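Colleague: Got a sequence here, can you model it:
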Amino acid sequence: MLGWHGKTWEYASKILKMTKNPEDISRAVGRGACTEFVAFWKLSERIPDPKELLMQPEKAELPRDISLSYALFSTIASIVRHEANQRITNNFLLLIKRLNEVLPDYLEIGVMALSTVLSSTAVFKQIRASPYWKELGKLYYKYLGIDGD
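Modeller: Residues are numbered from 1 along each chain as shown. Below is the predicted model:
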């Protein structure tokens, strides 16, 4: 239980700020939680800037690593859900389209990202209005129940 206490993680944060070494937090959170945190830390250093990708999706180099893609699209979906404008939504759908080209066997990443943003009524309307949705809707209909028309 030690690894999940808020004060413990606050102490770990202070250690991390002083040492800049994520492995040093093990004395605060325990070996298991530290191991998971270090894995997350290493992964997060390799994730491209999601806001930059949303600004220029046609130039984006998407990761071929499944874990990186999942983490990246989780973050992108959160941004889209909270920023809710047509340009960002169109760019998001273009990134989903490109993701399908890079990792065609992993539609679940797109399903997760789309499910996240579709919980916003404003984004739902923008997705339906996007020129990219007609094609993507056909691909994702059976997972999301929303067609491309």
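Colleague: And Leu62, how close does it get to Ser69?
Modeller: Separation of Leu62 from Ser69 (CB to CB, to the nearest Å): 7 Å. In short, each C-beta sits where N, CA and C put it, glycine included.
Colleague: which neighbours do these two share?
Modeller: Residues touching both Leu62 and Ser69 (CB atoms under 8 Å, 6 or more residues apart in numbering): Leu99, Val102, Leu103.
Colleague: now those in JSON lines, with neighbour count?
Modeller: Output for the shared contacts of Leu62 and Ser69, formatted as JSON lines (neighbours: other CB atoms under 10 Å):
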{"residue": "Leu99", "neighbour count": "22"}
{"residue": "Val102", "neighbour count": "14"}
{"residue": "Leu103", "neighbour count": "19"}
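Colleague: Give me the subset of these that lies in helices.
Modeller: Leu99, Val102 (DSSP state H).
Colleague: Quick check: end-to-end length of stretch 61-68?
Modeller: With CA to CA, to the nearest Å as the measure, the first residue of stretch 61-68 is 12 Å from its last.
Colleague: in that stretch, what's buried?
Modeller: By 16 or more other CB atoms under 10 Å, the buried positions in stretch 61-68 come out as Leu62, Pro63, Leu68.
Colleague: ok, now which ones touch the closest residue to the first one other than its chain neighbours?
Modeller: In other words, Leu62. Spatial nearest neighbour of Leu62, chain neighbours left out: Val102 (4.8 Å); criterion: CB to CB, 6 or more residues apart in numbering. Taking CB under 8 Å, 6+ apart, we find Val102 in contact with Leu62, Pro63, Arg64, Ser69.
Colleague: in the helix or strand hosting Ala77, what counts as buried?
Modeller: Using DSSP states H and E, Ala77 falls within helix 66-83. Neighbour counts over helix 66-83 (16+ other CB under 10 Å) mark Leu68, Ser69, Tyr70, Ala71, Leu72, Phe73, Thr75, Ile76, Ala77, Val80, Arg81, Glu83 as buried.
Colleague: and the residue nearest to the fifth one when sequence neighbours are not counted, what does it touch?
Modeller: Spelled out, it's Leu72. For Leu72, ignoring the flanking residues on the chain, the nearest one in space by CB to CB, 6+ apart is Ile47 at 5.2 Å. Contacts for Ile47 were tallied using CB under 8 Å, 6+ apart; they are Pro63, Leu68, Ala71, Leu72, Thr75.
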